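1. The sequence and its predicted three-dimensional model are supplied below.
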Amino acid sequence: MLLIPEQTSILNDAKILQHKELSDRFANVKSNLEFVAKEERAKKTRREKEEQSDWILKTKIREKAFAAGTDFVNDLVLEKGEVHKAIALADHHRMLLQNLALNQMIFLPTETMCS
């Protein structure tokens, strides 16, 4: 964050006129605003890194659940010829997601899944 133009011109005029009180007052405002801006940028960067690592973890969990679900379908439905309802396969996939999430020590929010 920067000072608005009026504040900048007052600061410049105070420096030119060597008005110490005004110079100090506006210098403090400027440094405080810069400090706050740096803090906000640092918070935003940390938040983005946390969101990105959370997204990567959830993606890995979903990939593992999909692979396990595919193995389940290949083994039981395609090879052994068992009959399963689509809702049972969706429930199995949801259970895999929950188990993998618990293994990763996180809880995924309940998601609406198509049946």
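-> Nice, thanks for sending it over.

2. list the buried ones in stretch 56-75?
-> If you call a residue buried by 16 or more other Cβ atoms under 10 Å, then stretch 56-75 has these buried ones: 58, 61, 62, 64, 65, 68, 69, 73. C-beta: built from backbone N, CA, C; applies to glycine.

3. An error on my part: the question was meant for stretch 85-97.
-> Quick answer for stretch 85-97 (16+ other Cβ under 10 Å): 89, 92, 93, 94, 96, 97.

4. Which pair of the residues you listed spans the longest distance?
-> 89 and 97 (12.9 Å; Cβ to Cβ).

5. pLDDT weak spots in this protein?
-> Along the chain, the model assigns pLDDT under 70 to residues 1-14, 19, 22-23, 25-33, 35, 102-115.

6. quick check: longest helix of it.
-> When the chain is parsed with DSSP state H, its longest helix is helix 20-72.

7. now for that one, which elements pack on it?
-> Judged by 3 or more Cβ pairs under 8 Å, 6 or more residues apart in numbering; DSSP states H and E, the packing partners of helix 20-72 are helix 5-16, helix 86-103.
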